[in-house]
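Chemist: Only the shape, not the letters, is given here:
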């Protein structure tokens, strides 16, 4: 029975979708004919073989409106079936829709129902998966009907046991079979209504938790099948569908070879084995041969449905498992996630990114070639409006020729039309941001340096995608929600995500640091402008310590008269220049500005003066930082990696300590574990001393008058690197760990400047390899966790301001060793108090229960000395 052709045209005409077991009758009704031969196409004529996997009679014609033999050609014969070749004259696209089927010579069990965990067949029949497999793959018999014998239903019998039972009880006294036929009979014998009642009764009576769990799982599947239109016997198949040929193509390559879908090979195996089994049955071959052929047929059907679940997957030419039907629909590259949920986007581009230090925060540099292609429809409309072109075709010709009018129109079209930039992997909302494009030469996208942190981008070859919002609504949304200037703060913690880094930090730190014995030291100035003029006239140096009177409305943040406006402060020329850049209404920041301090400046500006002033500040800070880091001329040589003079002495002392512990162990005074821990402590202490000496030597590096060590400056400002990295370059590498996590007793005493010995180099390879492996694993694990969290939380919508819970989270100062890692202020700011917070001295309530802890309140709590 053939399904109507018209039903394919009503493919979108449905109310709901239900997935259920396919009845054999359904599979035959979908089909347009039985595939009987394993042949695909004729290698001489390149036409499909009759009754083969690409048969035109079953699946439709290869050429539009033409039958296989060529008797009927053209649309006038539409719907006719050729009396010579049997092919219906229709459009070739039906080869993407029409299905076939294969009538199996012996039933087979669907692999999903017995191999996928938990095994549905196993639960339903109350059999172990291993027992099921023994029956399905013709290793053991299963008792279907014990008759009057002592055998039990569903008992497994080996070949010898089966023969023995037949001798003992006689032929016909019991029924036992093997293979899919036996499983089908067991399934048909199930009375689901009675079974459901029995299971409910047993569940109520049992006291064992494990048994209750097993009964519940079995009851679920029994009642699901009972309440649906499905029959358990349909898990065993007599007929299998063949998917349309254009979904498993066979392509002729230029070399004369064929590239084919793996499914064709899997179908061919089934047809070959099926035809061979049919022939053996007709020849009345011995039972053992037929049984073997049935097992092979079962294995080939398993491979078609889910090759990866088979014990021995079918391998292709390059020794990789063939891609089965399950592989085509599951996972990231499967039909659902790749094609149905994932979409290809038109009006998009991709290119390498380079830094655009002269850009404004809301701008990005878009190469002219990309802009011309992206904005094509808008340019064409404008060309027609202005009368430069009469038709779309002539407008496109102008675009191809790149006429002069096109560039002027492109400039006007991109005004106030934002584009979206995306950098993969998009792990948080800052991974996609909106920008107003500025046309640039070349092929690279220019990116503002301050947005790099949100994108996690750097300029070592990273690529970014550009997307163009087309509708007015999309453009408005890009402007109001996605524009970079609306995403200054991190959604994770409220801290500025657009704070300066690297060169900009180094420039801002360099300009605000204090230098020794500079020109003009001790001079006093009546205003900031006067100090700036003196610097411009080369009366004072950038790092000179001077006295400046602040404007009447400006307060110092670090002076003795803190908070008093218009005081005389002791500062440097560089700090004056930095503070002059700040918008009016800000305090005077009188300190060397490191990464943290710069973030504070940005936060303060936002709280006092709002978003617009903060955006201008970020751009100005960016320009100042780049300018000053360039004019400072900072770069470092090997000499700047200062190894402390006391290194040899500290190492010698550590060696003595280690030797002392070894002797104590040899004399039996301490155990090996104690000796090992003491040795590690000795080397760790030595490493910390060397680090402290090294940082001190770099800080007070006075090879010339007023020399600033650039390595120390980079680390101390937070521009790049830290103590640990410099320690490895100029101090000592220290203790290394094995991949197991155990620390190797002998440390690497050398640093990278001195160079490692062969043994030391070998010791350090453990950590390098482990680091690379961990990074790869960590990325996969975190990605999977994010996916699971998104799946769980996608339907959760928060509508209440207060959920009413009385549980809370304890927050305090976070220490790393003796150093404060996270301040109390940062940990409690923005949270809601679970209980009244009381001043321990005055018993005054500082924060009421359920009150939001603002930055001001958080600062007050911290000042009380609470931890």
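Modeler: Perfect, thanks for sending it. Treat the numbers as computed from the prediction; the structure is a model and nothing was measured.
Chemist: Residue 430 against residue 489, yeah?
Modeler: No. Judged on CB atoms under 8 Å, residue 430 makes no contact with residue 489 at a distance of 10.1 Å. The C-beta positions use only the backbone N, C-alpha and C, and glycine is treated the same way.
Chemist: can you list residues touching both of the two?
Modeler: Residues touching both residue 430 and residue 489 by CB atoms under 8 Å, 6 or more residues apart in numbering: residue 497.
Chemist: shaky segments in the chain?
Modeler: 1-10, 517, 558-565, 705-706, 867 (pLDDT under 70).
Chemist: 80 - rerun?
Modeler: Applying pLDDT under 80 to the chain flags residues 1-12, 493, 515-518, 520, 552-567, 701-707, 816-821, 840, 864-867.
Chemist: For the strand ranked longest in it, enumerate the helices and strands it packs against.
Modeler: Across the chain, the longest stretch assigned as strand under DSSP state E is strand 99-109. Packing partners of strand 99-109 (3 or more CB pairs under 8 Å, 6 or more residues apart in numbering; DSSP states H and E): helix 24-30, strand 31-34, helix 180-188, strand 236-242, helix 262-282, helix 287-306.
Chemist: What's the first helix or strand after that strand?
Modeler: Remark: after strand 99-109, the chain's next helix or strand is helix 111-115, criterion DSSP states H and E.
Chemist: what comes into contact with that following helix?
Modeler: The contact list for helix 111-115 (CB under 8 Å, 6+ apart) reads 119-122, 129, 132-133, 136, 235, 301-302, 305-306, 309-310, 326.
Chemist: Packing partners of the helix or strand that comes right after that helix?
Modeler: Downstream of helix 111-115, the first helix or strand assigned by DSSP H and E is helix 120-125. Judged by 3+ CB pairs under 8 Å, 6+ apart, the packing partners of helix 120-125 are helix 111-115, helix 129-136, helix 180-188, helix 209-227.
Chemist: Now the last one: buried residues?
Modeler: It stands for helix 209-227. For helix 209-227, burial by neighbour count (16 or more other CB atoms under 10 Å) applies to 214-215, 218-219, 221-223, 225.
Chemist: Residue 342: which of the helices and strands packed on strand 99-109 is closest?
Modeler: Nearest to residue 342 among the helices and strands packed on strand 99-109 is helix 262-282 (21.9 Å), distances taken as CB to CB.
Chemist: Can you report how many residues neighbour residue 198?
Modeler: Using other CB atoms under 10 Å, the number of residues around residue 198 comes to 14.
Chemist: what comes into contact with whichever strand or helix holds it?
Modeler: Assigned by DSSP H and E, residue 198 falls within helix 192-205. For helix 192-205, contacts defined as CB under 8 Å, 6+ apart pick out 211-212, 215-216, 218-219, 222-223, 225-226, 232.
Chemist: Show me this structure divided up by domain.
Modeler: 6-104+240-313, 348-375+414-486, 503-632, 640-769, 814-863 (automatic domain parsing).
Chemist: Now those domains in CSV, please, with extra columns for mean neighbour count.
Modeler: Output for the domains of the chain, formatted as CSV (neighbours: other CB atoms under 10 Å):
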stretch, mean neighbour count
domain 6-104+240-313, 16
domain 348-375+414-486, 18
domain 503-632, 18
domain 640-769, 16
domain 814-863, 14
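Chemist: So which of the buried residues of helix 209-227 is the closest to residue 649?
Modeler: residue 214 (70.5 Å).
Chemist: Could you measure from that closest one over to residue 128?
Modeler: 12 Å (CB to CB, to the nearest Å).
Chemist: Next, show the common contact partners of those two.
Modeler: By CB under 8 Å, 6+ apart, no residue touches both residue 214 and residue 128.
Chemist: Contact partners for the nearest residue to residue 182 once chain neighbours are set aside?
Modeler: Spatially, and ignoring its direct neighbours in sequence, residue 182 is nearest to residue 142 (5.1 Å; CB to CB, 6 or more residues apart in numbering). Taking CB under 8 Å, 6+ apart as the contact definition, residue 142 lies against 131, 135, 154-157, 176-178, 182-183, 186.
Chemist: Leaving out sequence neighbours, find the closest residue to residue 748.
Modeler: residue 733 (3.7 Å).
Chemist: show me the contacts for that neighbour.
Modeler: By CB under 8 Å, 6+ apart, the neighbours of residue 733 are 727, 747-752, 756, 760, 764.
Chemist: Any idea how far the helix or strand hosting residue 508 is from the middle of the chain?
Modeler: Take DSSP H and E as the rule and residue 508 turns out to sit in helix 503-512. Helix 503-512 sits 35 Å away from the centroid of its parent chain (CA atoms, centre = their mean, to the nearest Å).
Chemist: picking that back up, tell me how far the residue nearest to residue 182 lies from residue 635.
Modeler: Here the criterion is CB to CB. By it, residue 142 lies 80 Å from residue 635.
Chemist: likewise residue 446?
Modeler: 25 Å.
Chemist: Just list the residues touching the residue of the chain most remote from its centre, thanks.
Modeler: Using CA atoms, centre = their mean, the residue of the chain lying farthest from its centre is residue 170. It sits 64.7 Å away. By CB under 8 Å, 6+ apart, no residues touch residue 170.
Chemist: For it, what are phi and psi?
Modeler: Backbone torsions of residue 170, given as degrees, to the nearest 10, read phi 90, psi 160.
Chemist: repeat for residue 845
Modeler: Residue torsions, per degrees, to the nearest 10, at residue 845 are phi -80, psi 120.
Chemist: Enumerate every residue touching residue 417.
Modeler: By CB under 8 Å, 6+ apart, the contact list for residue 417 reads 375, 378, 436-437, 468, 475.
Chemist: which two in the residues you listed are spaced the farthest apart?
Modeler: 378 and 436 (14.7 Å).
Chemist: ok, which stretches of the stretch 451-600 of the chain are strands?
Modeler: Secondary structure of the stretch 451-600 of the chain (DSSP state E, counting those that start in this stretch): strands located at 463-467, 524-525, 545-549, 568-572.
Chemist: In a markdown table, list those strands along with distance to residue 340.
Modeler: Listed next are the strands of the stretch 451-600 of the chain as a markdown table, based on distance: least, CB to CB, whole Å:
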| stretch | distance to residue 340 |
| --- | --- |
| strand 463-467 | 20 |
| strand 524-525 | 70 |
| strand 545-549 | 66 |
| strand 568-572 | 63 |
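Chemist: host element of residue 405?
Modeler: Assigned by DSSP H and E, residue 405 falls in helix 404-413.
Chemist: helix or strand right after that helix?
Modeler: By DSSP H and E, the next helix or strand past helix 404-413 is strand 419-422.
Chemist: Pull the residues that contact the very next helix or strand once past that next one.
Modeler: Using DSSP H and E, the next helix or strand after strand 419-422 towards the C-terminus is strand 432-440. Identification of contacts with strand 432-440 by CB under 8 Å, 6+ apart yields 356, 359, 362-368, 371, 410-411, 414, 416-422, 426, 446, 448, 451, 454-455, 469, 478-479, 481-484, 487.
Chemist: Strand 432-440 vs helix 404-413, what angle?
Modeler: Computed with axes from the mean of the first three to the mean of the last three CA atoms, to 10 degrees, the direction of strand 432-440 lies at 140 degrees from that of helix 404-413.
Chemist: How far does strand 432-440 sit from its chain's centre?
Modeler: Counting by CA atoms, centre = their mean, strand 432-440 comes out at 25 Å from the chain centroid.
Chemist: What of stretch 135-154?
Modeler: On CA atoms, centre = their mean, the centre of stretch 135-154 falls 50 Å from that of its chain.
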